[in-house]
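Trainee: When you get a sec, could you give me coordinates for this:
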Amino acid sequence: MPASRRTIGATLEIDFGAAIDEFILFLATERGLSTNYQISTRRSLEEFKAWLSRHEQITQPSLVRLEHISAFLADRKAQGLAAASIKLLVVAIKIFFRFCRNRQFTERDPAELLPLPRLERYLPETLNEAEVERLLSVNLSGRPFPLRDRAMLELLYASGLRISELTGARLENLNLDERVIRVIGKGSKTRLVPVGRKACEAIAAYLTHERPGMVTPRSGSEIFLSRHGKKLTTQRGWQIVKEAAALAGFDKNVYPHLMRHSFATHLLSHGADLRIIQEMLGHADISTTQIYTHVDQSRLRAIHRKFHPRG
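Mentor: Okay, here's the model as predicted:
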């Protein structure tokens, strides 16, 4: 048996590092969660492990108690960690110790009674329909790849893709005749998303007139390529949106996820079913999508206050 583990009674004693390794492997192979999620969860658990070793001289999951977890979270909060980041730590710790209990690395789950912190719900920013039209109509003729950039903007708004989904979109998953794109989202989950007529036209123009000249022998099948014929990074995709917004004269902060929020809000305001919007956005939980109902209600209240005689 490896030095990192030994059996005592019904519990398998294992050091914290080895338990984290097995847990991350479980997330990857049995849960199929994304690499980014694995990295984020490992970072949270390694932070907790280092704190336990430094403050409590604890090196095994079986020795952790609820008071240790609470003290760690209180310490992080005192250091100014945001509530949303605290919640990520709590979620990582809770699912880790549930795994440890199931694998008999611990006799009990010390995080079972640990509550999730309540977060204030902030309404997402959106562009109104006139602002979206202004952005999508911007003159891009002076840019190196105007057809690519316009196709990206159109697709972001037409389908509500995350910027990582857009930069990772591949030719074999795009059907312009059927006007759909297969998207690989969070947790490697795939979904089919409709693509609007104008977006299809913009993509077709880019694929016909611009992309062939960008392809090199080392290019992949990603739809959107860089000037070197490689897959666009998410950072570059972000920059393209901001540069286009600057050309359109926007003072407000325009970024890719703003297009996604606008996509969902405008669908809802025109009568789309919330469940359909959830499916198109790739939200696992309907509660995530319900934030857009609050946005729409806020818009309606603002219109009422502005135009009603007794508003």
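Trainee: Phi first, then psi, for G220.
Mentor: The phi/psi pair for G220 (degrees, to the nearest 10) reads phi -90, psi -170.
Trainee: shouldn't it be in contact with K231?
Mentor: Yes - using Cβ atoms under 8 Å, G220 makes contact with K231 at a distance of 5.9 Å. No exception for glycine: its C-beta is placed from N, CA and C like everyone else's.
Trainee: who has more neighbours, the two?
Mentor: The neighbour count for G220 versus K231, taken as other Cβ atoms under 10 Å, is higher for K231 (19 against 11).
Trainee: quick one: that one and N36, what's the gap?
Mentor: Applying Cβ to Cβ, to the nearest Å, the value for K231 to N36 is 16 Å.
Trainee: Over to L12?
Mentor: To N36, L12 is 30 Å away according to Cβ to Cβ.
Trainee: Over to K189?
Mentor: Counting by Cβ to Cβ - K189 and N36 are separated by 13 Å.
Trainee: coming back round to it: so which of L12 and N36 has more stuff around it?
Mentor: More neighbours surround L12 than the other of L12 and N36, with 17 against 11 (other Cβ under 10 Å).
Trainee: Skipping its backbone neighbours, what lies nearest the more buried one in space?
Mentor: Q104 (5.2 Å; Cβ to Cβ, 6 or more residues apart in numbering).
Trainee: pretty sure N173 contacts R182?
Mentor: Yes - counting by Cβ under 8 Å, R182 is a contact partner of N173 at 3.8 Å.
Trainee: Q60: neighbouring residues, count only.
Mentor: Q60 has 19 nearby residues by other Cβ under 10 Å.
Trainee: and it, what are its phi and psi?
Mentor: The phi/psi pair for Q60 (degrees, to the nearest 10) is phi -130, psi 140.
Trainee: For R134, the count of nearby residues, please.
Mentor: R134: 15 neighbours (other Cβ under 10 Å).
Trainee: and the spatially closest residue to it that is not a sequence neighbour, backbone torsions?
Mentor: For R134, ignoring the flanking residues on the chain, the nearest one in space by Cβ to Cβ, 6+ apart is A248 at 5.5 Å. Main-chain dihedrals, A248, degrees, to the nearest 10: phi -80, psi 0.
Trainee: List phi and psi for the residue nearest the centre of the chain.
Mentor: Nearest to the mean C-alpha position of the chain, by Cα atoms, centre = their mean, lies K186 at 6.5 Å. Phi and psi for K186, reported as degrees, to the nearest 10, are phi -60, psi 140.
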